[in-house]
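>>> I'll drop the sequence and a predicted model, then ask my questions.
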Amino acid sequence: MSELKGFSYRRERKTPELNISPLVDMVFLLLIFFLVTTTFSRETGVEVHKPKAKTARTLSRESVLISVTKEGTIHINNRKVDLEELNRIIKETLRNKTDSSIIIIVDKVSFTGRVIAVMDECKQAGAERISLAAMKEE
């Protein structure tokens, strides 16, 4: 090729570009997926420090969870209830699922009398299987 006076033909090299917008989109989609699929719920909606036991074992998730806090309040299905309301809720639950077991999650410093009252209400409502929750001792 011939060159014109004063002009030179140079080949301009383009620097390769890395388009990261699809990568950012994918990261955000994965983040949203994991946030939605992860459960962030407590067992019964209140904080309870369970005692430890060597013989503790895992029960099915079909169980009804009741918690008794160190103050003696009773919680089921993320709401605070009294003994009469607990009895009614247990009766309704057992009417729908007859094979359900009751798990009472008790704070390790709660009053034994309150726990016995909760167990008694569950028995009166027709519960056959009642368990107390504990942390597995390692």
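Cool, the structure landed.

>>> give the contact list for Glu121.
Residues near Glu121 by CB atoms under 8 Å, 6 or more residues apart in numbering: 83, 86-87, 90. Using the backbone N, CA and C atoms, a C-beta is placed for each residue, glycine as well.

>>> Let me know the next secondary structure element after the lowest-mean-pLDDT helix or strand in the chain.
Among the helical and strand segments of the chain, the one scoring lowest on mean pLDDT, DSSP states H and E is strand 52-53, with a mean of 65. Next along the chain after strand 52-53, taking DSSP states H and E as the criterion, comes strand 64-68.

>>> And the strands in the protein, which stretches?
For the chain, the strands defined by DSSP state E cover 52-53, 64-68, 74-76, 79-81, 102-106, 130-132, 135-136.

>>> Output those in CSV; the columns should cover mean neighbour count and distance to Glu17.
Below are the strands of the chain laid out as CSV (neighbours: other CB atoms under 10 Å; distance: least, CB to CB, whole Å):
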stretch, mean neighbour count, distance to Glu17
strand 52-53, 12, 58
strand 64-68, 23, 55
strand 74-76, 21, 57
strand 79-81, 14, 56
strand 102-106, 21, 57
strand 130-132, 16, 62
strand 135-136, 12, 55
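
>>> what's the burial count for Glu12?
Neighbourhood size, Glu12 [other CB atoms under 10 Å]: 4.

>>> so which of the strands of the chain comes closest to Arg114?
Among the strands of the chain, the nearest to Arg114 by CB to CB is strand 64-68 (5.8 Å).
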